[in-house]
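Enquirer: just the structure for this:
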Amino acid sequence: MLIVLPLFTLLAFGLNTFFNNNQAGKKEDNAQNRQATDQVGNANRPELNNEKAEKYLDKLENLCAEMTKAKERADENRFKLLETQFLDLGTELAIIIPEMAKTEQYPSFIQYNAYVSNKIHKMRMN
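Expert: You can find the predicted model right below:
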């Protein structure tokens with residue numbers, strides 16, 4: 001019995017320390033995520049020399065505008081259809097990224113894509 005009590009105390013202390021460290025790591029991750037989101041939130045549409053990338057951003061912006069309208073009208077069926085179209089745009093993005101990665105415009109393209117995609121993601125979560 002005398003051995004069990006100290007072992008239990010050490011186990012409780014160890015678990016408490018583990019979970020407190022884990023929560024501190026989560027808080028740090030959340031702060032980094034907020035900082036990255038703030039940077040993305042200030043994005044402006046870049047002028048690109050790639051026609052495919054320009055068309056992709058046009059589609060993305062139009063989709064975002066349509067999704068906003070559907071959300072304001074509470075038209076769930078329309079919103080779900082547009083959400084499917086948004087997910088389908090991912091295949092188009094996968095084709096454009098390797099081309100854009102070779103240019104100096106890539107960072108601004110990705111940042112603006114993240115900005116619009118983040119707006120859409122927030123609508124999907126609400």
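Enquirer: how many neighbouring residues does Glu47 have?
Expert: A total of 8 residues lie near Glu47 under the criterion other Cβ atoms under 10 Å. Placement of C-beta: from N, CA and C, glycine included.
Enquirer: again with Cys64
Expert: When neighbours are defined as other Cβ under 10 Å, Cys64 has 18 of them.
Enquirer: mind listing what Pro98 touches?
Expert: Residues counted as contacts of Pro98 (Cβ atoms under 8 Å, 6 or more residues apart in numbering): none.
Enquirer: show me which residues of the strand or helix carrying it are buried.
Expert: Per DSSP states H and E: Pro98 is located in helix 76-100. Neighbour-count burial for helix 76-100, counted by 16 or more other Cβ atoms under 10 Å, picks out Phe79, Leu82, Glu83, Phe86, Leu89, Leu93, Ile96, Met100.
Enquirer: could you dump those to CSV with distance to Lys119?
Expert: Converted to CSV, those look like this (distance: Cβ to Cβ, whole Å):
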residue, distance to Lys119
Phe79, 14
Leu82, 13
Glu83, 13
Phe86, 11
Leu89, 14
Leu93, 16
Ile96, 19
Met100, 20
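Enquirer: could I get these as CSV with pLDDT?
Expert: Shown next, in CSV, are those (pLDDT from 0 to 100):
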residue, pLDDT
Phe79, 92
Leu82, 93
Glu83, 92
Phe86, 92
Leu89, 93
Leu93, 92
Ile96, 93
Met100, 92
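Enquirer: nearest to Tyr56, of these?
Expert: Of all those, Ile96 has the smallest distance to Tyr56: 5.6 Å, by Cβ to Cβ.
Enquirer: might one say that the closest one is in contact with Lys52?
Expert: Yes: counting by Cβ atoms under 8 Å, Ile96 touches Lys52, with 5.4 Å between them.
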